[in-house]
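Asker: Build me a model from this:
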Amino acid sequence: MSKILASITGVAGYVPDYILTNEELSTMVDTSDEWIMTRIGIKERRILKGEGLGSSYMAAKAVNLLLEKTGTKPEEIDMLILGTVTPDQPVPATANIVADMCGITNAFGYDINAGCSSFLYTLVTASKFIESGTHKKIVVVGSDKMSSLMNYQDRTTCPIFGDGAGAVLLEPNTEGYGLIDSILRVDGSGRTHLLVKNGGSCFPVTKENYDSREQYVYQEGQTVFKSAVSHMGDTALEVMERNGLTGETVTWLCPHQANQRIIDATGKRMGLSPEKVMVNIQRYGNTTSGTLPLCLWDWESKLRKGDNIIFAVFGAGFTWGASYLKWAYDGDKVAKK
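Answerer: Residues are numbered from 1 along each chain as shown. Okay, the predicted model is just below:
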């Protein structure tokens, strides 16, 4: 019997309409377009506006488009896993809310939080249910409303992040197309360098600590930058080497969109020419769990059956990893936004 792989058979995304440009951001905090572009590579980011709208709203938009594009009925889905660091609320899981919003009634689901590595962790986790033969159609989602965690008085952090969501459909494949290999790692000693301190069970947000603004993202930029460059490059190269891939045979690098310089360093370490690297950070910023599926969504029309794709991520935790996926269909035949 041929080995069952988890194949991506569709992709969709959603970004909010509101565009927060560097020019507007410079009226809110001491920064400039030149400063942001030189250090991060972001020109604009999307912000979700509207009372009571959170990660589930964006995720549901992406999932509904995914179901429409793939001609899949909601009741055919038997699992929905959502990567996010900005759940609608602590309980219930945002995956449960999204399933309800999309009419997915014959599935189970839950959230995964691995910082900016959340989507890849979620994708790899979901693939095991496909490979086991127990599940046939799984929706994997990455969605984050990062504006809800931003301190717009912190010039070093608030320019980086934006809001957005993406989703893929996983199905079994016995022809060699799908997720072939992955390396995922964690080092909890890095937790103090990138975190949201308040808002959990250790330090609930109170009237007394609210003014500390520690309910927002805190990042030690230089430490995170060095760790991301090292770990994303190392794991991507390790996945390539143990699967006999080279810079010539890798078709695409789909990297986490955290910083243009990190993306460039990862591609260079892998021996890739710049045109093989997916980059949309300039338009969306860092959407955390949304970066990888939004790249696939933007590049879908260019993807061809048999393309060798390497995913590379790094996030709070520290978490990081890389995966090798062989693309399953010609994207130009189905790409739709």
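
Asker: so residue 200 sits in a strand?
Answerer: No. Assigned with DSSP: H, G, I helix; E, B strand; the rest coil, residue 200 falls outside any strand and is coil.

Asker: can you count the residues close to it?
Answerer: A count of nearby residues for residue 200, using other CB atoms under 10 Å, gives 12. Glycine gets a C-beta too; all of them are placed from N, C-alpha and C.

Asker: residue contacts, it?
Answerer: When the contact criterion is CB atoms under 8 Å, 6 or more residues apart in numbering, residue 200 has no partners at all.

Asker: Now it: phi and psi?
Answerer: Taking degrees, to the nearest 10, you get phi -100, psi -160 for the backbone angles of residue 200.

Asker: Ok, residue 93 next?
Answerer: According to degrees, to the nearest 10, residue 93 has phi -60, psi 140.

Asker: what do you get for residue 206?
Answerer: phi -130, psi 170.

Asker: That one - how many residues pack around it?
Answerer: For residue 206, using other CB under 10 Å, the count is 9.

Asker: Check residue 75 too.
Answerer: The burial metric for residue 75, expressed as a neighbour count using other CB under 10 Å, is 11.

Asker: Now it: closest residue in space that isn't a chain neighbour?
Answerer: By the measure of CB to CB, 6 or more residues apart in numbering, the closest residue to residue 75 outside its immediate chain neighbours is residue 106, 5.1 Å from it.

Asker: again with residue 287
Answerer: Residue nearest to residue 287 in three dimensions, not counting chain neighbours: residue 164, with 3.8 Å by CB to CB, 6+ apart.

Asker: How about the secondary structure of the residue nearest to residue 75?
Answerer: Counting by three-state DSSP, the backbone at residue 106 sits in coil.

Asker: Check residue 38 too.
Answerer: helix.

Asker: Distance of it relative to residue 32?
Answerer: 9 Å (CB to CB, to the nearest Å).

Asker: ok, back up a step: just confirm the residue nearest to residue 287 is within a helix.
Answerer: No. With three-state DSSP as the criterion, residue 164 is assigned strand and is not in a helix.

Asker: looking at this protein, which helix or strand is least sure?
Answerer: The helix or strand of the chain with the lowest confidence, counting by mean pLDDT, DSSP states H and E, is strand 194-195 at a mean of 80.

Asker: Strands of the stretch 1-150 of the chain, start to end?
Answerer: Defined through DSSP state E, counting those that start in this stretch, the strands belonging to the stretch 1-150 of the chain, from first to last, are 5-14, 18-21, 44-47, 79-83, 108-112, 138-145.

Asker: the more surrounded of residue 38 and residue 32?
Answerer: Between residue 38 and residue 32, residue 32 has the larger neighbour count (other CB under 10 Å), namely 14 against 11.

Asker: Tally up the residues packed near the residue nearest to that one when sequence neighbours are not counted, please.
Answerer: Setting aside the residues directly before and after it, residue 32 is nearest to residue 26 in space (CB to CB, 6+ apart), at 5.3 Å. Using other CB under 10 Å, the number of residues around residue 26 comes to 17.

Asker: quick one: residue 26 and residue 33, what's the gap?
Answerer: Plainly put, residue 26 is 7 Å away from residue 33 if you go by CB to CB.

Asker: One more: residue 133?
Answerer: Residue 133 sits at a distance of 52 Å from residue 33 (criterion: CB to CB).
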